[in-house]
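1. Okay, predicted coordinates and the sequence, questions at the end:
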Amino acid sequence: MADKIDQRCSDRDRDEAASQLREALSTGRLDRNEFSDRLDAVFAARTMGELASVLKDLSTDLEHGSSAVGTKLALSLFGHQAIVPVHARTIVISLFSRSRVDLTVLPESARRRIIAVSLFGSTNIVLSPEQRARLDGVAIFGRKHMSKHARTQGAPTTVEVTCLSVMGSVVVAAKRR
């Protein structure tokens with residue numbers, strides 16, 4: 001995020017920041033008053049730098065690449081959901097829907113494990129150009145695919161994806177430079 005500090009933020013960026021604040025509230029890292037103040041600041045933010053300043057003391061796990069503890073469950077039913085995992089393990093279930101897991105905001109050293117279940121739906125996992133992944137699992141009348149840019153080719157694996165795709169798809173792709 002440091003290279004995008006002056007870039008204008010989108011509604012999606014604000015929603016993701018609000019999600020991180022809700023997570024901090026639920027784990028006791030913020031009290032209700034501070035949560036409310038920061039949430040107001042998130043929705044008033046115009047640049048990525050302003051968003052980063054609101055979250056700077058909450059996102060240390062991501063910035064230093066250490067694994068956050070616990071598991072995050074993301075369930076998407078009959079719709080579309082964007083997910084930014086902040087936990088060491090994330091379970092994504094897409095049932096008749098599409099889910100997009102964006103890992104480009106994580107440093108390349110942050111190790112993550114994603115379990116993707118797509119039943120008549122799709123899960124797209126997007127990596128940064130530096131991140132590498134390993135994809136295991138089963139596709140039954142469905143698709144499981146990893147782009148050649150996301151594959152581990154001598155570089156250490158930072159993301160492990162295990163999938164079950166039944167008449168759906170799980171795709172892991174890295175953004176090109």
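-> Cool, got the structure. Numbers count the residues shown, from 1 in each chain.
2. now the helices for this protein?
-> Here the chain has its helices, by DSSP state H, at 11-26, 32-44, 48-55, 60-63.
3. Let's have the ones you listed in JSON lines, adding mean neighbour count.
-> Just so you know, the C-beta spots here come from the backbone N, C-alpha and C atoms, and that holds for glycine as well. Listed next are the helices of the chain as JSON lines, based on neighbours: other Cβ atoms under 10 Å:
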{"stretch": "helix 11-26", "mean neighbour count": "16"}
{"stretch": "helix 32-44", "mean neighbour count": "14"}
{"stretch": "helix 48-55", "mean neighbour count": "18"}
{"stretch": "helix 60-63", "mean neighbour count": "15"}
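4. Ranked by average pLDDT, which of the ones you listed falls at the bottom?
-> Among these, helix 60-63 carries the lowest mean pLDDT, a mean of 39.
5. returning to that earlier point: export the helices of the chain to JSON lines and append columns for distance to Ile125.
-> Shown next, in JSON lines, are those (distance: least, Cβ to Cβ, whole Å):
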{"stretch": "helix 11-26", "distance to Ile125": "16"}
{"stretch": "helix 32-44", "distance to Ile125": "25"}
{"stretch": "helix 48-55", "distance to Ile125": "22"}
{"stretch": "helix 60-63", "distance to Ile125": "17"}
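6. Which one, of those helices, ends up nearest to Lys175?
-> helix 11-26 (15.8 Å; Cβ to Cβ).
7. if we can go back for a sec, the helices of the chain: which one's closest to Phe141?
-> Judging the helices of the chain by Cβ to Cβ, what sits closest to Phe141 is helix 11-26, at 31.8 Å.
8. Could you check the angle that closest one makes with helix 32-44?
-> With axes from the mean of the first three to the mean of the last three Cα atoms, to 10 degrees as the basis, helix 11-26 and helix 32-44 are set at 170 degrees to each other.
9. Residues contacting helix 11-26, please?
-> 30-32, 35, 38-39, 42-43, 45, 48, 51, 54-55, 58-59, 82, 84, 86, 105 (Cβ atoms under 8 Å, 6 or more residues apart in numbering).
10. Please list all residues in contact with the closest residue to Ile140 other than its chain neighbours.
-> With sequence-adjacent residues excluded and distances taken as Cβ to Cβ, 6 or more residues apart in numbering, Ile140 is closest to Val166, at 4.9 Å. Applying Cβ under 8 Å, 6+ apart, we find Val166 in contact with Ser118, Leu119, Phe120, Ile140, Phe141, Gly142.
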